[in-house]
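> I need the structure of the sequence given here:
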Amino acid sequence: MKLLTDLRHNQVARVKKLDDSCQGFERFRLLDLGVVPGTKIRVALDNPLNDPIGYWIRGAVIALRKEQSDKILVEIINE
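From the prediction side, this is the model:
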């Protein structure tokens, strides 16, 4: 498993789980945005400073900061 932060442009990943350190409001926010096991995610918008990054999640572009995407464990499904 890798972190969502490791995902590069044109790669697609599937969410495996949220890190155990992701708790409370932060965890509920990610779950509400559709970041649940099995969801496909890909990079939609790069940022020169790499923070935040826009990700396609269930048909919407969601911006996540590095500290959030570091808590999402994924499996890359295309190289």
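
> pull the longest helix from this protein.
Counting residues, the longest helix found in the chain (DSSP state H) is helix 24-32.

> Quick one: mean pLDDT for the strand or helix carrying I77?
I77 is located in strand 72-78, with elements delineated by DSSP states H and E. Across strand 72-78, pLDDT averages out at 92.

> Report all helices and strands that it contacts.
strand 2-3, strand 12-18, strand 40-45 (3 or more Cβ pairs under 8 Å, 6 or more residues apart in numbering; DSSP states H and E). (Each C-beta comes from the backbone N, C-alpha and C, glycine too.)

> how about a cut-off of 7 Å?
In this structure, strand 72-78 packs against strand 2-3, strand 12-18, with contacts taken as 3 or more Cβ pairs under 7 Å, 6 or more residues apart in numbering; DSSP states H and E.

> tell me the most buried of those strands?
Of all these, strand 12-18 has the most neighbours on average by mean count of other Cβ atoms under 10 Å, namely a mean of 17.

> Just give me how far stretch 18-36 sits from the chain centre.
Going by Cα atoms, centre = their mean, to the nearest Å, the spacing between the C-alpha centre of stretch 18-36 and its chain's C-alpha centre is 11 Å.

> okay, how far is it across that stretch, tip to tip?
Taking Cα to Cα, to the nearest Å, stretch 18-36 runs 8 Å from one end to the other.

> How about it, which residues are buried there?
Along stretch 18-36, these residues count as buried under the neighbour rule (16 or more other Cβ atoms under 10 Å): 18, 22, 27, 30, 33, 35.

> Where does the prediction get shaky in this protein?
79 (pLDDT under 70).

> Can you pick out the most distant pair from the buried residues of stretch 18-36?
Between all members of the buried residues of stretch 18-36, the longest pairwise span (Cβ to Cβ) is found for C22 and L33 and amounts to 12.5 Å.
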